[in-house]
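Undergrad: return a 3D structure for these sequence lines:
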Amino acid sequence: MSKKVLIITYYWPPAGGIGVVRWVKFVKYIRENGWEPVVYTVSNANYPLTDDSLQHDVPTDIQIIKRPIWEPHHLYRLFSKNKGSSGLADIKPRDQASFVEWISNWVRSNFFIPDARARWIKPSVQFLTGYLKGNPVEAIVSTGPPHSAHLIAMSLKQKTGIPWLADFRDPWTTMDYYQELLLTGWANRKHHRLELEVLKTADALTVVGNGMKREFEEKSGRKAVVVTNGFDEGDFSDDRVQLDERFTLVHIGTFFSRINPTNLWQCLAELNSEGHPMISDLRIILMGRIDAAVVESIRNAGLEEFLILVPSQPHQEAVRQMKSAQILLLCIFEQTKFVLTGKLFEYLAAQRPIFCIGPKDGDAASILKETGAGQTFSFEDKIGIKQHLMELHAKFIKGELKKAENNSRHYSHRELVKEMVSQLNQISRKKISL
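TA: Next up is the predicted model:
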């Protein structure tokens with residue numbers, strides 16, 4: 001007989017983007033491992049991206065509980081020029097924000113802790129406390145960010161004694177955009193206090209990478225387990241996709257200004273001025289939410305004629321573009337070098353060469369080296385970037401940029417969920433022994 005697990009997540013279909021994929025896929029496969037999922041999410045979320053196609057991955061007969069949330073996004077949009085913004089990751093650097101955006105950031109930073117979903121915590125705890133009395137489960141999972149989900153689960157753990165696994169897709173107080181918050185000393189201390197309380201109270205901690213594992217273990221003095229993001233082999237089973245005829249550099253997903261590889265654009269501009277044959281083949285395809293600063297830097301480099309902007313697409317179309325790309329571009333910010341985005345693993349599954357620009361000592365660089373799927377260059381390594389571009393184009397001309405197997409099978413969601421289930425089994429047995 002299956003054991004039940006309550007999964008608390010803000011991001012759930014129709015939410016789009018890579019952040020929602022992790023637990024949609026784990027829910028898809030968790031039944032194969034003896035656990036019955038019950039999903040708790042929001043009914044009226046303000047998702048920056050939507051993708052109805054992900055609904056197809058959700059088993060039709062699982063229980064999904066949706067409850068309303070009040071979010072301050074409508075107030076923020078009154079002040080922000082970025083009308084599509086809703087998440088902390090969209091906060092502008094202080095030197096780029098207008099005065100009203102600065103005020104909005106200050107209010108959100110100090111009155112909505114740990115995040116803009118803070119007003120979901122109390123009503124969720126009240127509802128779920130009553131729900132669990134009549135509908136017992138063997139374990140609770142919370143996945144964040146938003147870290148409000150962890151605070152809901154922590155309160156339930158304290159009220160009911162049900163074992164709790166806290167799953168971190170991103171860090172908390174060391175995430176890059178945390179530095180852009182206009183926190184008072186009191187608010188900063190509260191963030192750190194809540195973070196430590198979550199780390200110490202949860203019965204199990206899972207994280208997506210080794211850097212985050214080390215950080216959390218140092219802070220809490222307890223074990224954290226790495227369960228990386230991954231890919232669903234079923235999404236990549238169609239071999240009918242044809243490679244792009246042009247030399248395409250393709251980036252999928254949100255492209256923030258903080259990961260803008262300006263030296264890459266400058267290298268391409270130099271190759272253009274030098275009359276390199278690459279330029280006649282070149283296409284730069286950016287699919288998703290692209291920061292205006294990224295587009296501006298490409299235009300300033302004289303590359304606008306090679307640029308193709310594609311709005312966010314359903315997940316399966318994004319997968320098709322990954323598989324048809326000649327080169328997949330991955331950019332990792334220095335401050336998030338231990339954050340392993342789900343995009344990396346879907347790039348692996350696409351089996352196209354990955355050109356990573358970011359910290360060479362980061363977790364993504366380590367996985368690319370381990371799997372043999374690509375190479376990593378620092379943002380400052382203009383010589384290395386230019387040389388690698390020419391090497392890749394030479395292979396393209398020779399027809400050597402073909403589908404390449406890489407050592408990435410153990411990053412499939414079907415395999416990764418087994419480790420998550422192992423943690424659930426351990427904490428549920430601990431409760432029984434008590």
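
Undergrad: could you list the domains of the chain?
TA: The record, using automatic domain parsing to delimit domains, assigns the chain the ranges 3-230+412-433, 233-410.

Undergrad: avg pLDDT for stretch 390-403?
TA: Mean per-residue pLDDT for stretch 390-403: 91.

Undergrad: residues of that stretch that come out buried?
TA: Residues Leu392, His393, Phe396, Leu401 are the ones in stretch 390-403 that count as buried (16 or more other CB atoms under 10 Å). Quick note: C-beta positions are derived from backbone N, CA and C, even for glycine.

Undergrad: doesn't Ala325 make contact with the first one?
TA: No: if you go by CB atoms under 8 Å, Leu392 and Ala325 don't touch, sitting 11.7 Å apart.

Undergrad: re earlier: the domains of the chain: lowest mean pLDDT?
TA: Taking the mean pLDDT of the domains of the chain, domain 3-230+412-433 comes last: a mean of 88.

Undergrad: buried ones in whichever helix in the chain runs longest, by neighbour count?
TA: In the chain, with assignment by DSSP state H, the single longest helix is helix 413-433. For helix 413-433, the neighbour count (16+ other CB under 10 Å) marks His413, Arg414, Leu416, Val417, Met420, Val421, Gln423, Leu424, Asn425, Ile427, Ser428 as buried.

Undergrad: now swap in stretch 353-365 and tell me
TA: Pro353, Ile354, Phe355, Cys356, Ile357, Gly358, Pro359, Lys360, Gly362, Asp363, Ala364, Ala365.

Undergrad: okay if I get the buried residues of helix 413-433 as TSV plus distance to Thr228?
TA: Rendered in TSV, the data for the buried residues of helix 413-433 read as follows (distance: CB to CB, whole Å):
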residue	distance to Thr228
His413	10
Arg414	13
Leu416	7
Val417	12
Met420	11
Val421	15
Gln423	14
Leu424	17
Asn425	19
Ile427	20
Ser428	23
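
Undergrad: which two from the buried residues of stretch 390-403 end up farthest apart in space?
TA: His393 and Leu401 (9.0 Å; CB to CB).

Undergrad: where along the stretch 201-350 of the chain do the strands fall?
TA: Remark: strands assigned in the stretch 201-350 of the chain by DSSP state E, counting those that start in this stretch are 204-207, 225-226, 247-252, 282-287, 307-310, 327-331.

Undergrad: minimum distance to Leu181: which of those has it?
TA: Closest among the strands of the stretch 201-350 of the chain, using CB to CB: strand 204-207, at 21.6 Å.

Undergrad: now the closest one: how far from the chain's centre is it?
TA: 16 Å (CA atoms, centre = their mean, to the nearest Å).

Undergrad: one more: stretch 108-118?
TA: Counting by CA atoms, centre = their mean, stretch 108-118 comes out at 20 Å from the chain centroid.
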